[in-house]
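Asker: this is a predicted model, with the sequence first.
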Amino acid sequence: MVVEHLEAYETGLLVWSFLFGVLGLQGLLSIYLEGETKEVGTHPVPRAPWYTVVLMAFLLAANLGLAWRFVRLLFQGGATAAELGTNAALMFLLLAGMLALYRRHCIADKVVAQSRHDEIPW
């Protein structure tokens, strides 16, 4: 994006709006992954739905395909740094998606409550 025609404060506003958008997306993702507040104790994991397993298998296959393409680009030569970087970024994005699904559907929750002793008067 070329921002030559923008003033300094307009560029700053663009950067701040992008930053708050990223932080908002991170907050929404965190709320989705953590779920609702649970009572103290251990909560078993329900069985993962079939569509989650299918989606994780698809993400794994796509990640393996991108890894194969990445290695092929490395050893063939002639690949630009942008191609390699985009391919690596896509691999990490797919890996993050698989980890998020695994965290949401395959890990048991253990909720512990303890009192705070930080001597800060709230």
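Answerer: Everything's here; your move. A quick note: this is a predicted structure, and the numbers were derived from the prediction, not measured.
Asker: retrieve the pLDDT associated with residue 47.
Answerer: Looking at residue 47, its pLDDT reads 79.
Asker: swap in residue 117?
Answerer: Per-residue confidence (pLDDT) for residue 117: 70.
Asker: quick one: contacts for it?
Answerer: By CB atoms under 8 Å, 6 or more residues apart in numbering, the contact set of residue 117 is empty. (Each C-beta comes from the backbone N, C-alpha and C, glycine too.)
Asker: in the chain, which residue is most central in space?
Answerer: Centroid-nearest residue in the chain, with CA atoms, centre = their mean: residue 96, separated by 4.7 Å.
Asker: pLDDT at it, what is it?
Answerer: So residue 96 comes in at 92 (pLDDT).
Asker: who are the packing partners of the helix or strand hosting it?
Answerer: Using DSSP states H and E, the element containing residue 96 is helix 81-106. With contacts defined as 3 or more CB pairs under 8 Å, 6 or more residues apart in numbering; DSSP states H and E, the packing partners of helix 81-106 are helix 8-34, helix 50-76.
Asker: include mean neighbour count when you put those into a markdown table, please.
Answerer: Below are these laid out as a markdown table (neighbours: other CB atoms under 10 Å):
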| stretch | mean neighbour count |
| --- | --- |
| helix 8-34 | 10 |
| helix 50-76 | 13 |
